[in-house]
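Trainee: Below is the structure, and that's it, no one-letter string:
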């Protein structure tokens, strides 16, 4: 059974930092590209970042470029999202997702999803 579990969410003040982690089990982790998405109330799910199978390549959404960094450790089956210079508009539930076939910003291209972790940025 494939499981993705996010952790590290919480509440932080504007300008602060948080580090999210996604831990995977039940799959050959290094065979999957992993993405982070977020969804704020009343809004569509938004692409945040994705990382290649070996961690040699990354994609970022325009709204987080330069502030967020995605990384992975295939020995530990984890993908992290370091979030700096947080803004109130970053408030959302953050999800990690895994795709074996796609290098994509489209959430429909990802096969497995975690349950999400809440990030709240106060001004």
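Mentor: In hand now; what should we look at? All of these numbers come straight from a predicted model, not from anything done at the bench.
Trainee: Check the secondary structure at residue 23 for me.
Mentor: strand (DSSP: H, G, I helix; E, B strand; the rest coil).
Trainee: Counting neighbours, what do you get for residue 69?
Mentor: If you count neighbours by other CB atoms under 10 Å, residue 69 ends up with 16. All C-beta atoms are positioned from the backbone trio N, CA, C, and that covers glycine.
Trainee: doesn't residue 79 make contact with it?
Mentor: No. Counting by CB atoms under 8 Å, residue 69 stays clear of residue 79, with 11.3 Å between them.
Trainee: Excluding chain neighbours, give the residue nearest to the residue most central in space within the chain in space.
Mentor: Centrality entry for the chain: nearest residue to the mean C-alpha point is residue 36, 2.3 Å, by CA atoms, centre = their mean. Closest residue to residue 36 apart from its sequence neighbours, by CB to CB, 6 or more residues apart in numbering: residue 48 at 4.2 Å.
Trainee: what's the following helix or strand after the helix or strand hosting that neighbour?
Mentor: In this structure, residue 48 sits in strand 46-51 according to DSSP states H and E. As assigned by DSSP H and E, the chain's next helix or strand after strand 46-51 is strand 58-60.
Trainee: what ranges of this structure fall below the confidence cut-off?
Mentor: Within the chain, the stretches with pLDDT under 70 are 102.
Trainee: So which residues of the chain form strands?
Mentor: 3-7, 10-13, 18-25, 33-39, 46-51, 58-60, 68-73, 78-83, 92-99, 112-113, 117-122 (DSSP state E).
Trainee: And the second one, what's buried?
Mentor: Residues of strand 10-13 classed as buried: residue 12 (neighbour count, 16 or more other CB atoms under 10 Å).
Trainee: and it, which strands flank it?
Mentor: strand 117-122 (parallel) (DSSP bridges).
Trainee: and the strand it pairs with with strand 18-25, angle?
Mentor: 180 degrees (axes from the mean of the first three to the mean of the last three CA atoms, to 10 degrees).
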